[in-house]
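Chemist: pasting the sequence and the predicted model now:
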Amino acid sequence: MIVRYLDRQPDGELAYWTWLNHNASGWSSVSDLPQLAGALQRSESSEFWIRIEVEHTPATLNNSYFRIHHSGSFMMYVNGDPRASAAGPSDQARTYHVSPRRPEVLGKNLYAIHFQHEQGPKPIFDVELVISPWVCVDPGTPAPEPIIPDSIRDAQISRGPDEAWYLTGTTGDEVSLRPGPECWLRNPGIQLFRSTDLKSWSSLGYVWTFERDGTWNKEMGSFGGRGPARGIFAPEFATINDKYWLSYSVNNSVPGRSHGIGLLVASQAAGPYREISPDHPLTEGFDPHIFVDDDGTVYLLKHGGHIARMKPDMSGLAEPFRHLPAANYPYVGYEGVSMFKYAGRYYLTSADWNVHEDGTQSYDSMIASSDSVYGPYGPRYCALRYGGHNSYFEGPGGELYATIWCYPDSGAHWQKVSIIRMDWDAQGRLAPVSPR
């Protein structure tokens, strides 16, 4: 690690100092980050420019993050890309991470920080780069054959009360699922597929649509500043008390609502489905997942690892959401959460982007486990490369399977759902059974 700083504006164009190849020969050097904190406190200046050069491998890159105690605002750039910031001072060290889709590369990287002291007699910028070993148990080749021809993102499979398996996920046409100006803006609703053997699948069609069944969610809105938008993201199927349940998130934002999560129930897989909360979302947010514990307690999870217990009658939440971090990172994944239980242990899974040994990034399935539903959860690891926002489910004979769909977009398997058997390796980590 090479640490340099200036207490005056760097020479040259404003952005150049955030690039790795900037000539920093005139900058002051310190031996490490604690020495940097001391040097800034001794300075008479209130504004600083900081360069932290780090050489990364996959093991050091993917689980790295910052803990910073700061007496003012700052902006952090990673290889020239603005990635983390604070609008004012902190009274203690706070966590800052630069993911998802990490801008670092294998080899040399630059974290450049512009810091302005605003509170207290002396500047405080106490920064720690936390690096926990990152492990991936899956090399990621080759791809299993897709189980259906349809394009599906966020693929989830679960068993129904009729002992058949049901598949759902984010669906749509080529316009809505392919990169472009209309990408991810609109789709009709929720599609469901059914199989009795995980090999032959039949479509039940759109079992819920905005036009036919919509309530609080019918209004058009915006998504990422684009619109008009109204689509279903990441629906999931669950069985509770011999009923068919679908959780889903709406992709748009409207005045008074940011995205939104809904819950549907029906006595038949094909519907009709009834909205549990027809006047407003069950909660704000996205990527919902229903987990049913052995004692029948139902939990709603969302985002990358937030959990809340449901009321016994499923009419709403019984408690506020709480965040479930991993032991070696601030979260297990940043989105696409799911949970399953095996042999009395809870497995929390969610999606994150990782940089692998070949230098490429992929959207992977991350896992951490615990003896308690609320944690603490152990270290996260990459269990399934290209799994992304996926699901884990029990297949024939009680064996564990996972969905996988996010292969590179240059290949024929991109957004085509496959399933793969999973098992525990010698270190007790869940991994795909080799060969795929």
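Modeler: Everything's here; your move.

Chemist: need the longest helix for this protein.
Modeler: helix 33-42 (DSSP state H).

Chemist: which other helices and strands contact that helix?
Modeler: Judged by 3 or more Cβ pairs under 8 Å, 6 or more residues apart in numbering; DSSP states H and E, helix 33-42 is in contact with strand 2-6, strand 28-30, strand 47-56, strand 125-131. Yep, even glycine has a C-beta here, placed from its N, CA and C like the rest.

Chemist: contacts for it, please.
Modeler: Helix 33-42 has contacts (Cβ atoms under 8 Å, 6 or more residues apart in numbering) with 1, 3, 5, 28, 30, 48, 50, 52, 115, 122-129.

Chemist: stretch 119-129 now?
Modeler: 1, 33-34, 36-37, 40-41, 43, 45-46, 48, 50, 52, 54, 64-72, 74, 88-89, 93, 111, 113, 115, 117.

Chemist: with stretch 49-57 instead?
Modeler: For stretch 49-57, using Cβ under 8 Å, 6+ apart, the contacting residues are 1-6, 9-10, 17, 20, 22, 24, 27, 33, 36, 60, 64, 104-115, 125, 127, 129, 355.

Chemist: just the buried ones from the residues you listed, in PyMOL syntax?
Modeler: Command for PyMOL that selects the buried part of those, burial taken from 16 or more other Cβ atoms under 10 Å:
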select buried, resi 2+3+4+5+6+10+17+22+24+27+33+36+60+64+104+106+109+110+111+112+113+114+115+125+127+129+355
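
Chemist: sorry, back to before: so which of the helices and strands packed on helix 33-42 is nearest residue 203?
Modeler: Among the helices and strands packed on helix 33-42, the nearest to residue 203 by Cβ to Cβ is strand 47-56 (44.8 Å).

Chemist: return the alpha-carbon coordinates of the closest one using CSV.
Modeler: The C-alpha coordinates for strand 47-56 follow below in CSV (Å, rounded to 0.1, in the frame of the first residue of the first chain):
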residue,chain,number,x,y,z
GLU,A,47,-8.9,20.5,2.9
PHE,A,48,-7.0,17.5,1.8
TRP,A,49,-6.5,15.3,-1.3
ILE,A,50,-5.5,11.7,-0.5
ARG,A,51,-4.2,8.8,-2.7
ILE,A,52,-4.2,5.2,-1.5
GLU,A,53,-2.6,2.8,-4.0
VAL,A,54,-3.4,-0.9,-3.4
GLU,A,55,-2.5,-4.0,-5.3
HIS,A,56,-5.4,-6.5,-5.4
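
Chemist: and that strand, how far out from the chain middle?
Modeler: Mean C-alpha position of strand 47-56 versus that of the full chain (Cα atoms, centre = their mean, to the nearest Å) differs by 27 Å.

Chemist: any idea which helix or strand comes after it?
Modeler: Next helix or strand after strand 47-56 toward the C-terminus (DSSP states H and E): helix 58-61.

Chemist: can I see the domain layout of the chain?
Modeler: As given by automatic domain parsing, the domain ranges for the chain are 2-131, 153-432.

Chemist: which of the ones you listed has the highest mean neighbour count?
Modeler: Sort the domains of the chain by mean neighbour count, taking mean count of other Cβ atoms under 10 Å, and domain 153-432 sits at the top with a mean of 18.

Chemist: show me where the stretch 151-300 of the chain has helices.
Modeler: Counting by DSSP state H, counting those that start in this stretch, one finds helices in the stretch 151-300 of the chain at the ranges 174-177, 210-213.

Chemist: let me have the ones you listed in TSV, adding mean pLDDT as columns.
Modeler: Below are the helices of the stretch 151-300 of the chain laid out as TSV (pLDDT from 0 to 100):
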stretch	mean pLDDT
helix 174-177	86
helix 210-213	97
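
Chemist: between the ones you listed, which gets nearest to residue 432?
Modeler: helix 174-177 (25.0 Å).

Chemist: flag the shaky bits of this structure, pLDDT-wise.
Modeler: 434-436 (pLDDT under 70).

Chemist: could the domains of the chain be laid out in CSV, adding distance to residue 141?
Modeler: Listed next are these as CSV, based on distance: least, Cβ to Cβ, whole Å:
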stretch, distance to residue 141
domain 2-131, 16
domain 153-432, 9
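
Chemist: so for residue 138, which of those sits nearest?
Modeler: Short answer: domain 153-432, nearest of the domains of the chain by Cβ to Cβ, at 4.6 Å.

Chemist: quick one: end-to-end distance for that closest one.
Modeler: End-to-end distance of domain 153-432: 20 Å, with Cα to Cα, to the nearest Å as the criterion.

Chemist: want to throw the helices of the stretch 151-300 of the chain into CSV with distance to residue 293?
Modeler: Formatted as CSV, the helices of the stretch 151-300 of the chain follow (distance: least, Cβ to Cβ, whole Å):
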stretch, distance to residue 293
helix 174-177, 34
helix 210-213, 29
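
Chemist: which stretch among those comes nearest residue 324?
Modeler: The nearest among the helices of the stretch 151-300 of the chain, by Cβ to Cβ, is helix 174-177 at 29.9 Å.

Chemist: only C-alpha atoms, please: export that closest one in PDB.
Modeler: Extracted C-alpha coordinates of helix 174-177, given in PDB (Å, rounded to 0.1, in the frame of the first residue of the first chain):
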ATOM      1  CA  GLU A 174     -36.900  -9.100 -25.900                       C
ATOM      2  CA  VAL A 175     -37.300  -5.300 -25.600                       C
ATOM      3  CA  SER A 176     -37.800  -5.400 -21.900                       C
ATOM      4  CA  LEU A 177     -35.100  -7.900 -21.100                       C
END
